[in-house]
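K.L.:
Here is a sequence with its predicted model. Questions after.
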Amino acid sequence: MQDLLLQPTSLIFFIQKGDKHMNKLLEILNEINPEIDYETETRLIDDALLDSFSILSLIPELEDAFDISITPADMIPVNFNSANAIWSMINRLKED
Amino acid sequence: MTYTSILYLSIFLPGVMLLYQLAPGRHRYKVLLAASWLFFLSLSGKLIVYLLISTASVHHIGLWLSSCKKELDLTGASAEEKKSLKAACALKRRRILWLGLGIQLGMLVVLKYSGFFSDNINHLLKAVSYPNQLPAMKFALPIGISFYTLQAVSYLADVYYEKIPADDHLGRLALYLTFFPILMEGPICRYSQTANALTEGKPLEYKNVTYGLQRILWGLFKKLIIADRLNLLVETVFGSYKQYGGIVVILSALLYTFQLYADFSGCIDMTIGTGEVFGITIPENFRQPFFSKSPSEFWRRWHITLGTWLKDYVFYPISLTAPIKKFGKNSRAKLGKHVGQVVASAPALFGVWICNGFWHGTGWHYLFFGMYYFVLILLENLSEPYVIKAAESLRINRNNVFYRIFQSVKLLIIVFTGELFFRAETMTAGLSMFQSIFTGFDTKALTDGSLLQLGLSLPDYAAVFLGFLAVLTVGIIHERGISIRDKISGYKIPVRWTLYYGAILLVIVLGAYGDGYLPAKLIYAGF
């Protein structure tokens, strides 16, 4: 079960998928690049599916949609490698 | 004393290894720190005072940044009060950070750039016939200031952004900034990469020592056989550039690029090898850069630690400022997704390349070098989708070997041209040399013996060519993900030692030192 939760296509992801905020995130991501399957992709940065231009376009959209502030410290691949990772970062920044 | 000197290789390094091994584990970092300061003193003497100021201020300001956050007490505060307390804390921390950056960068700017600025202001004053001039401001530069300052800045920024905790261990921080193998030419390490390993005090291990010494030997091969030999030709042509043109200038730009690579990557091999000897992993700075297909890929493989430093501490901070984010949104709305995205990144990219140019030195030709890559990378990104479309409509397979060769040749021309300006004594010299390629083009130089009048004899060219083949072969093997040292360690002892002795002999016999060779400094140690 623990292994399952660590998988990118885990239950957590599908539970969150129904969430309207998560849908909003997927909508923003699809606008940046509609050719990527964000539900399964876990190497968005490592495999250069999203380049630095896309990430820089994504930042203001995320900040406006979720009322967060992203700093240079958050600009690390692990925060942007999957929709789940971005979602975790958003939640963490919301708590700050 | 430098990394290639007999004193360093036969006394200093073995001496430090011996003392390190003899010292108790918890005191071993003190041996490394004392050796690092001794090394610094041997190169820069009393200028160590700047290093000590840097170290003390980084230590103090890091702790101040941390305590400021710890002292924030939100218990019992209302939501409104919490918000205002957090804002006050953030403002105070930002001011402390700026103070820290001001001290570090202030020292670098005053010591390294005041001469450049005063000279240019004086030119300007003369041009407008103003009677007074500023006094000439030239300061002696402490060794490694351009490298340890960037490490200090990254430490302060990382503490500020809470990526790492502030370090209360002054010795560890001092060693992180000045560990002797990284002092002269980097690579630019992050605190999270090396600091803990530096104070761990691991004993010397057979595998680490042999792997480390192999890497040092490979660095010496590149530096002594290739770089220092090519130095003769490069000094001759660039020092009297007016006498040369056409093919000689093309050859000198090509060979200077190879010299720079052999010199800098050779030094980094020695640095990483020395780190390995003590069980410390130092980040790689090169990844077969000449196998790149574009200028941006080249810079992801060449001087990697400077590129990532500029990305993290210049590109992102500029990109994430409110005016630039607003500019980005407007650009995307007005110019469309692709062009808008590239244009939006231009201000931050400009910041990166102006810093890259100026970091290397104070001449206008360094600034030109930075701007050259700024324009090329911007154009590369702008044109990318159009190039793909054009290739598709012309039915050109972009993975085809001929297309790859075309990309490589194009990149090499770009790199050689950039390095021509980079190495030129001044911007005027660079322009004159570039112009002379076309005005003085003549293939006679290839056959009339001119190439043997540039400081290199036929055996020298042969040694360089042999070195080039060795570097190329190793590059191809590494590009395929094969570790040569793992392969060597799998051989039987007699084969292994024959290889080691053969390599040592090669460096001794073919190394460019002694009569007839110029004493060649480490190029990047001058930046």
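P.N.:
Right, received. Where do you want to start?

K.L.:
okay, residue 4: pLDDT?
P.N.:
This is for chain A. We have a pLDDT of 42 for residue A:4.

K.L.:
nope, chain B please
P.N.:
We have a pLDDT of 88 for residue B:4.

K.L.:
need the contact list for it.
P.N.:
Applying CB atoms under 8 Å, 6 or more residues apart in numbering or on different chains to residue B:4 gives the contacts B:220, B:223, B:224, B:270, B:522. Where C-beta positions appear, they are placed from N, C-alpha and C, glycine not excepted.

K.L.:
Starting from chain A, give me the distance back to the spatially most central residue of chain B.
P.N.:
Residue closest to the average C-alpha location in chain B (CA atoms, centre = their mean): residue B:303, at 4.5 Å. Using CB to the nearest CB, to the nearest Å, we find residue B:303 at a distance of 18 Å from chain A.

K.L.:
Please name the nearest non-neighbouring residue to that residue.
P.N.:
Residue nearest to residue B:303 in three dimensions, not counting chain neighbours: residue B:285, with 6.0 Å by CB to CB, 6 or more residues apart in numbering or on different chains.

K.L.:
Same question for residue B:77.
P.N.:
residue B:85 (6.2 Å).

K.L.:
Pop out the phi and psi values for the residue in the stretch 151-300 of chain B that chain A sits nearest to.
P.N.:
Closest approach between the stretch 151-300 of chain B and chain A, counting by CB to the nearest CB: residue B:161, at 3.1 Å. For residue B:161, the backbone dihedrals (degrees, to the nearest 10) come out as phi -80, psi 10.

K.L.:
My read is that it contacts residue A:71, right?
P.N.:
Yes: counting by CB atoms under 8 Å, residue B:161 touches residue A:71, with 6.0 Å between them.

K.L.:
neighbour count winner among these two?
P.N.:
Between residue B:161 and residue A:71, residue B:161 has the larger neighbour count (other CB atoms under 10 Å in any protein chain shown), namely 17 against 14.

K.L.:
so what's the more buried one up against?
P.N.:
By CB under 8 Å, 6+ apart, the contact list for residue B:161 reads A:71, A:72, A:73.

K.L.:
Pull the contacting residues for residue B:85.
P.N.:
Contacts of residue B:85 by CB under 8 Å, 6+ apart are B:72, B:73, B:74, B:77.

K.L.:
quick one: it from chain A, how far?
P.N.:
For residue B:85, the distance to chain A (CB to the nearest CB) stands at 14 Å.

K.L.:
Not counting its neighbours along the chain, what's nearest the residue of chain A found nearest chain B?
P.N.:
When scored by CB to the nearest CB, chain A has residue A:73 as its residue closest to chain B, at 3.1 Å. Of all residues not flanking residue A:73 in the chain, residue B:161 sits nearest, at 3.1 Å (CB to CB, 6+ apart).

K.L.:
just residue B:167 next, same as before
P.N.:
residue B:173 (5.1 Å).

K.L.:
was I right about that neighbour contacting residue B:155?
P.N.:
Yes: counting by CB under 8 Å, residue B:173 touches residue B:155, with 7.4 Å between them.

K.L.:
intersection of neighbour lists for the two?
P.N.:
B:58, B:62.

K.L.:
And the two? Which one has more around it.
P.N.:
Set side by side, residue B:173 and residue B:155 show more neighbours around residue B:155, with 28 against 24, by other CB under 10 Å.

K.L.:
Flag the shaky bits of chain A, pLDDT-wise.
P.N.:
Within chain A, the ranges that satisfy pLDDT under 70 run A:1-18.

K.L.:
Which neighbouring elements make contact with the lengthiest helix in chain A?
P.N.:
With DSSP state H setting the assignment, residue counts place helix A:52-66 as the longest helix in chain A. With contacts taken as 3 or more CB pairs under 8 Å, 6 or more residues apart in numbering or on different chains; DSSP states H and E, helix A:52-66 sits against helix A:20-32, helix A:83-95, helix B:322-335, helix B:337-360.

K.L.:
As CSV, those helices with mean neighbour count and distance to residue B:458 would be great.
P.N.:
Formatted as CSV, the helices and strands packed on helix A:52-66 follow (neighbours: other CB atoms under 10 Å in any protein chain shown; distance: least, CB to CB, whole Å):
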stretch, mean neighbour count, distance to residue B:458
helix A:20-32, 15, 58
helix A:83-95, 17, 59
helix B:322-335, 15, 56
helix B:337-360, 20, 34
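
K.L.:
what residues are up against residue B:351?
P.N.:
Counting by CB under 8 Å, 6+ apart, residue B:351 touches B:314, B:315, B:318.

K.L.:
How much space separates the first one from chain A?
P.N.:
Distance of residue B:314 to chain A, given as CB to the nearest CB: 10 Å.

K.L.:
From residue B:327, how far off is the nearest residue to residue B:339 once chain neighbours are set aside?
P.N.:
Leaving aside its sequence neighbours, residue B:339 sits nearest to residue B:382 (CB to CB, 6+ apart; 6.7 Å). For residue B:382, the distance to residue B:327 equals 17 Å [CB to CB, to the nearest Å].

K.L.:
go on, residue B:447?
P.N.:
Counting by CB to CB, the gap from residue B:447 to residue B:327 is 56 Å.

K.L.:
Then residue B:33?
P.N.:
According to CB to CB, residue B:33 stands 46 Å off from residue B:327.

K.L.:
And residue B:195, by the same measure?
P.N.:
Distance, residue B:195 to residue B:327, by CB to CB: 37 Å.

K.L.:
quick one: which of the helices and strands packed on helix A:52-66 is nearest residue B:274?
P.N.:
helix B:337-360 (24.0 Å; CB to CB).

K.L.:
Now that closest one - C-alpha only, CSV.
P.N.:
Coordinates of the C-alpha atoms in helix B:337-360 are reproduced here as CSV (Å, rounded to 0.1, in the frame of the first residue of the first chain):
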residue,chain,number,x,y,z
LYS,B,337,2.8,32.1,-26.5
HIS,B,338,6.2,31.3,-28.0
VAL,B,339,7.6,34.7,-28.9
GLY,B,340,6.0,36.2,-25.7
GLN,B,341,7.7,33.5,-23.6
VAL,B,342,11.1,34.2,-25.1
VAL,B,343,10.8,37.9,-24.9
ALA,B,344,9.6,37.6,-21.3
SER,B,345,12.8,35.8,-20.4
ALA,B,346,15.0,38.4,-22.1
PRO,B,347,15.6,40.8,-19.1
ALA,B,348,16.7,37.9,-16.8
LEU,B,349,18.8,36.4,-19.6
PHE,B,350,20.4,39.7,-20.2
GLY,B,351,21.2,39.9,-16.5
VAL,B,352,22.8,36.4,-16.6
TRP,B,353,25.0,37.2,-19.6
ILE,B,354,26.1,40.6,-18.4
CYS,B,355,27.2,39.0,-15.1
ASN,B,356,28.9,36.2,-17.0
GLY,B,357,30.8,38.6,-19.1
PHE,B,358,31.9,40.9,-16.3
TRP,B,359,32.6,38.0,-13.9
HIS,B,360,35.4,36.9,-16.3
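
K.L.:
Report the contact partners of the residue nearest to residue B:24 when sequence neighbours are not counted.
P.N.:
Nearest residue to residue B:24 in three dimensions, chain neighbours excluded: residue B:201, at 7.9 Å (CB to CB, 6+ apart). Taking CB under 8 Å, 6+ apart, we find residue B:201 in contact with B:23, B:24, B:25, B:26, B:27, B:28, B:29.

K.L.:
just residue B:27 next, same as before
P.N.:
Residue B:27 neighbours (CB under 8 Å, 6+ apart): residue B:201.

K.L.:
which stretches of the stretch 251-400 of chain B form helices?
P.N.:
In the stretch 251-400 of chain B, the segments counted as helices under DSSP state H, counting those that start in this stretch are B:295-301, B:304-310, B:316-319, B:322-335, B:337-360, B:364-393.

K.L.:
could the ones you listed be laid out in TSV, adding distance to residue A:86 and mean pLDDT?
P.N.:
As requested, these are exported to TSV (distance: least, CB to CB, whole Å; pLDDT from 0 to 100):
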stretch	distance to residue A:86	mean pLDDT
helix B:295-301	23	93
helix B:304-310	22	95
helix B:316-319	16	92
helix B:322-335	17	88
helix B:337-360	18	91
helix B:364-393	23	91
